[in-house]
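> Here is my input, please return the structure:
(one chain, ligands or ions: 1)
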Amino acid sequence: MGAESGLRRRVSGLSEAEFRARFGSEAQCRAALFALRWGKGWVCPACGHSRCAELKTRALYSCNRCKHQVGLTAGTVFHWTKLPLTTWFLAIYHLTQSKGGMSSVELARRLGTRQPTAWLLKHKLMAAMEARDAGKPKLAGRVEVDDAYLGGARPGGKRGRGAAGKTPFVAAVETTADRKPRRLRLTVVKGFRKKEIEKLAKRDFAVDSNIVSDGLSCWAAVTAAGCDHFPMIAGSGPQAARWAPFKWVNTTLGNIKTALAGTYHHVSPKHAQRYLASFAWRFNRRFQLDTMTERLAYACARTTPHPYRIIIAG
Ligand SMILES: [Zn+2]
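Next comes the predicted model:
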């Protein structure tokens with residue numbers, strides 16, 4: 001698995017020293033967030049005027065014409081945060097630079113916050129990742145799909161289809177014609193039933209895309225979404241995992257399972273989608289490691305607030 005791993009062919013990331021030089025002070029983080037939100041110029045949401053005065057002590061911008069005030073973080077994932085922006089940016093840095101994500105215990109240690117604070121912050125950032133990728137175009141062209149469960153494969157061959165207490169999800173990898181992975185989507189489903197797959201295909205796969213599956217009967221339902229289906233019957237067990245048409249989807253699933261096992265002891269089914277979306281987000285930007293901090297901050301600036309009550313609802 002390792003040598004083939006798409007996650008290893010990364011450009012080099014942002015060093016901690018580089019990160020500190022760019023986002024080490026509150027003023028730098030404010031300037032960065034301002035540029036991400038209003039890079040094309042500040043516009044008053046009340047009157048449309050384009051000039052404002054900054055109230056430095058509170059990160060507020062006051063319209064020069066109508067005096068309407070807009071908070072730097074208002075309406076974003078950072079909405080009226082009590083934490084310094086430097087803490088948020090440091091969390092963004094750690095969550096984007098480590099390939100398997102980071103446990104809230106470890107994140108808390110790096111941020112110097114309490115664990116529940118780090119947990120909530122991490123989930124808000126993962127929600128921004130999820131929202132950003134959900135807004136991207138449907139997967140198209142050649143797409144490898146596979147059924148999987150969060151919690152890992154059963155040891156000794158047979159995959160845990162129908163495994164009780166595990167969260168079923170679909171792994172879909174858009175590949176180039178020569179089968180190199182391009183984009184990944186990981187989606188929690190209620191089960192591997194035709195109705196579920198049809199719903200997912202209509203939402204996530206472009207019409208006329210070529211869906212390559214292992215022949216599990218539910219995948220035939222992708223044709224109801226206008227896709228072509230290519231079932232490849234390859235048997236099961238380690239043989240199937242090495243079989244060429246599924247190389248990438250299997251490699252990716254292996255990486256996710258390794259990362260989850262190494263980082264988290266338990267992922268609540270309620271939050272499984274957010275964890276999976278964060279893996280896919282990182283995978284989809286694996287060649288842009290050096291700009292990931294800005295990319296996630298950008299997503300945060302464009303994602304609506306996710307207060308605690310929404311985060312815990314799953
Ligand atoms: Zn105004």
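> Show me what the helix or strand containing A297 packs onto, helices and strands only.
Element membership for A297 (DSSP states H and E) is helix 292-301. The contact analysis (3 or more CB pairs under 8 Å, 6 or more residues apart in numbering; DSSP states H and E) places helix 292-301 against helix 16-23, helix 26-38, helix 85-97, helix 115-134. The C-beta positions use only the backbone N, C-alpha and C, and glycine is treated the same way.
> got the contact list for the closest residue to A108 other than its chain neighbours?
Among residues not flanking A108 along the chain, A118 sits closest, at 3.7 Å (CB to CB, 6 or more residues apart in numbering). The contact partners of A118, taken as CB atoms under 8 Å, 6 or more residues apart in numbering, are 91, 104-105, 107-108, 111.
> Close to the ion as well: tell me which of those residues qualify.
For the ion, no contacts are drawn from those by CB under 5 Å from the ion.
> Only whichever of those residues are buried, select them in PyMOL.
The PyMOL command for the buried members of those (criterion: 16 or more other CB atoms under 10 Å) is given here:
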select buried, resi 91+104+107+108+111
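> Include pLDDT and secondary structure when you put the contacts of A118 into TSV, please.
Shown next, in TSV, are the contacts of A118 (pLDDT from 0 to 100; DSSP: H, G, I helix; E, B strand; the rest coil):
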residue	pLDDT	secondary structure
A91	97	helix
S104	91	helix
V105	92	helix
L107	95	helix
A108	97	helix
L111	97	helix
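> and which of the contacts of A118 is nearest to the ion?
Distance to the ion across the contacts of A118 (CB to the ion) is lowest for A91, with 32.8 Å.
> From K194, how far out is the residue nearest to A108?
41 Å (CB to CB, to the nearest Å).
> Over to A127?
30 Å.
> And these two? Which one has more around it.
Higher neighbour count among A127 and K194: A127, with 24 against 14, using other CB atoms under 10 Å.
> residue contacts, the spatially closest residue to that one that is not a sequence neighbour?
With CB to CB, 6+ apart as the criterion, A127 has its nearest non-adjacent residue at 4.5 Å, and that residue is H306. H306 makes contact with 77, 123-124, 127-128, according to CB under 8 Å, 6+ apart.
> Same check on D146?
D146 makes contact with 170-171, 213-214, 246, 249-250, 253 under the criterion CB under 8 Å, 6+ apart.
> repeat that with 7 Å
By CB atoms under 7 Å, 6 or more residues apart in numbering, the contact list for D146 reads 171, 214, 246, 249, 253.
> cool, and G226?
Contact analysis of G226 by CB under 7 Å, 6+ apart lists 207-208.
> Enumerate the residues of this protein near the ion.
Contacts of the chain with the ion, taken as CB under 5 Å from the ion, map to 44, 46-47, 49, 63, 65-66, 68.
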